[in-house]
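Undergrad: Let me see the structure of the following:
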Amino acid sequence: PIISTAADVVPRRHVLSIGYIVLAVTLLATGVAMVAGLPSTVVYGLATTVAVVHGFAAPAVTSTLPGLCSTPDELTAGNVALGFVEQSGRLVGPLAAGAILAFSTPGGVVVAMGLLVVSCAVMSALLVRGVSFESPHDDDPDRSPLSTTVGGGIQVLRVNGSARSVVLILGGLAIVVGVIDVSVAAIAVEVLGRGEGTMSVLAAALGLGSMLGVLATMSLVGLRREIPTLALGVAASAVALGVLGMSGSLILAVTFCLVLGSAGSMAVIAGKTALQGLTPDNTLSRVFGVLESSELIGLAAGGLLVFLLAPRLDLSISLAAVAFGIVAIVITQFARLRTMDSSRRQVDPTLIRLMRSVPMFASLPPYVIESLVSHLSPSRLEPHSILIRRGTMGHHLFVVAEGHLVVSLKGDRTEQRNPGDYVGEIALLRGTVRTIDVAAGADGATVWALHRDVFLPAIGSEPRSLARATREAERRLSRFDGELPSQQS
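TA: As a prediction, the model looks like this:
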């Protein structure tokens, strides 16, 4: 979570390019050290560096994706595509390593992987040229600890209970994966009574299940059911782990491995999508850095649990005990999350794009923008009709959808507001009366109204959004030559 801070401070396209180039260099150095027969301490040191650098680059990938997607449905589809690529790599990677080992050494495999990462890093650097990213966050207010320090991700999870629950559930899934990683050989020999070759069959079933799970996750696009998928996926993986230790036949064991792999991959994609939707952009990379760390801790904890329980309990009982604990975690955390998806509504993607085009809304989490859109009320204005009258109380922010508005300033000065512009925020932010007169243009206008009770909590939840709104309000107020209108009841 410490080095992941970089992707929230410097442009993420640079983090992606530099991160994977450094990863490629360290991989190449590790491979060369192995081929050259350097001391094991050097090789282990370089391998540790590879893991650290991966922790620097990987969160930047998941934190970049929301900024490239204009709607929650696009975000889900993007995560499905990313999951497909990752699972394909996990299947193809071992096959490629085996093919290289037929005529080379383990060091040669690492060198080849380093060259592959170099090629991919160069391609990605070329592909992201000219792509707009939200970071660096030059307009973060006062560079507050929540938005810029290395503990920002932990701070977000401390105050955001829903995001914290998602991380805990995914951490539980990591424990399941850690357990199966170290016990699959024992299952093949002790439970099934077969040779170690059966371990490869079970591992292949886990990989195939993961790929099938990614394909099944495509059905999530447009459904807004990430939280139930996350919870059911992790619970199903845990149950499959528990009954796997009791399976007496290879067919049942393979079936349970398929279920474990597919349910797990569905849960990972759904969980990451939900976390992207819940987390402010300016701390997204650090939150995923915390997730990456918690998953590594979960993997280690899973292996440690098998090491501690298996000598004292039967293997099947040990696996069932772990499964019971993970299901308990899911049930307790799902109680916090169960209303989140049910409260989401199908909204017009065009309106989401419209709201994201407003600077003060652009950095809000995708689910918050979706909620704002669900509370918008349309209003059609006839030509020259009055929308806002100076000196009256204000209860709504207005975003222009079609046509244009005419804003009357001091004297005869006027300004025009076009689609994507907004009016009415000053009275809401300052708790005062309207400061300007606003009317529809000669051709009329269509506006979307957002009530202050929805607008203020949303803006207040993300410091950068509030800073942008406040700064623009102050800029607009500075154009008044005289006193502002007095408040009327």
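
Undergrad: which residues sit in contact with Glu295?
TA: With contact taken as CB atoms under 8 Å, 6 or more residues apart in numbering, Glu295 is in contact with Leu170, Gly171, Ala174. Backbone N, C-alpha and C define where each C-beta goes, glycine included.

Undergrad: which one is Met393 nearest to, not counting chain neighbours?
TA: Val433 (5.7 Å; CB to CB, 6 or more residues apart in numbering).

Undergrad: Apologies, that question was intended for Val179.
TA: Closest residue to Val179 apart from its sequence neighbours, by CB to CB, 6+ apart: Gly302 at 4.0 Å.

Undergrad: how far away is the one you found from Arg338?
TA: 26 Å (CB to CB, to the nearest Å).

Undergrad: which of the two has more neighbours?
TA: Gly302 (25 against 12; other CB atoms under 10 Å).

Undergrad: For burial, what's the neighbour tally of His375?
TA: When counting by other CB under 10 Å, one arrives at 16 neighbours for His375.

Undergrad: My guess is it contacts Pro457. True?
TA: No. Look at His375 against Pro457 with CB atoms under 8 Å: they stay out of range, at 10.9 Å.

Undergrad: wait, which of the contacts of Glu295 is closest to Leu381?
TA: Distance to Leu381, by CB to CB, is smallest for Leu170 among those, at 47.5 Å.

Undergrad: ok, that closest one - contacts?
TA: Leu170 sits next to Leu230, Val234, Ala267, Val268, Gly271, Lys272, Leu291, Ser294, Glu295 when contact means CB under 8 Å, 6+ apart.

Undergrad: Generate CSV for the residues you listed, with distance to Thr30 and secondary structure as supplementary columns.
TA: Below are these laid out as CSV (distance: CB to CB, whole Å; DSSP: H, G, I helix; E, B strand; the rest coil):
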residue, distance to Thr30, secondary structure
Leu230, 35, helix
Val234, 33, helix
Ala267, 32, helix
Val268, 27, helix
Gly271, 31, helix
Lys272, 28, helix
Leu291, 26, helix
Ser294, 26, helix
Glu295, 22, helix
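
Undergrad: where along the stretch 301-450 of the chain do the helices fall?
TA: In the stretch 301-450 of the chain, helices defined by DSSP state H, counting those that start in this stretch lie at 315-342, 349-356, 359-362, 366-374, 425-430, listed in chain order.

Undergrad: out of those helices, nearest to Arg471?
TA: Comparing those under CB to CB, the one sitting nearest is helix 359-362, at 9.0 Å.

Undergrad: So for the residue nearest to Val179, what's the pLDDT?
TA: Looking at Gly302, its pLDDT stands at 90.

Undergrad: Then Ser132?
TA: At Ser132, pLDDT is 58.

Undergrad: For Phe103, find the nearest of the helices of the stretch 301-450 of the chain.
TA: helix 315-342 (38.6 Å).

Undergrad: Could you name the helices and strands sitting against that closest one?
TA: In terms of contact count using 3 or more CB pairs under 8 Å, 6 or more residues apart in numbering; DSSP states H and E, helix 315-342 is assigned the packing partners helix 161-186, helix 226-244, helix 284-309.

Undergrad: what would those helices look like in TSV with distance to Gly207?
TA: As requested, the helices and strands packed on helix 315-342 are arranged in TSV below (distance: least, CB to CB, whole Å):
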stretch	distance to Gly207
helix 161-186	12
helix 226-244	14
helix 284-309	17
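
Undergrad: looking at these, which is closest to Leu46?
TA: That would be helix 284-309 among the helices and strands packed on helix 315-342, by CB to CB, at 18.5 Å.

Undergrad: Go through the closest one and flag the buried ones.
TA: Residues of helix 284-309 classed as buried by neighbour count (16 or more other CB atoms under 10 Å): 284-295, 298-299, 301-303, 305-306, 309.

Undergrad: got it, and stretch 307-324?
TA: Neighbour-count burial for stretch 307-324, counted by 16+ other CB under 10 Å, picks out Leu309, Ala310, Leu315, Ser316, Ser318, Leu319, Ala320, Val322, Ala323.

Undergrad: Name all residues that make contact with the residue nearest to Leu220 when sequence neighbours are not counted.
TA: Spatial nearest neighbour of Leu220, excluding adjacent residues (CB to CB, 6+ apart): Thr76 at 5.5 Å. With contact set as CB under 8 Å, 6+ apart, Thr76 has these partners: Leu220, Val221, Gly222, Glu226, Thr273.

Undergrad: Under the pLDDT cut-off, which ranges of the stretch 201-350 of the chain? List them.
TA: Residue ranges of the stretch 201-350 of the chain with pLDDT under 70: 222-223, 339-345.
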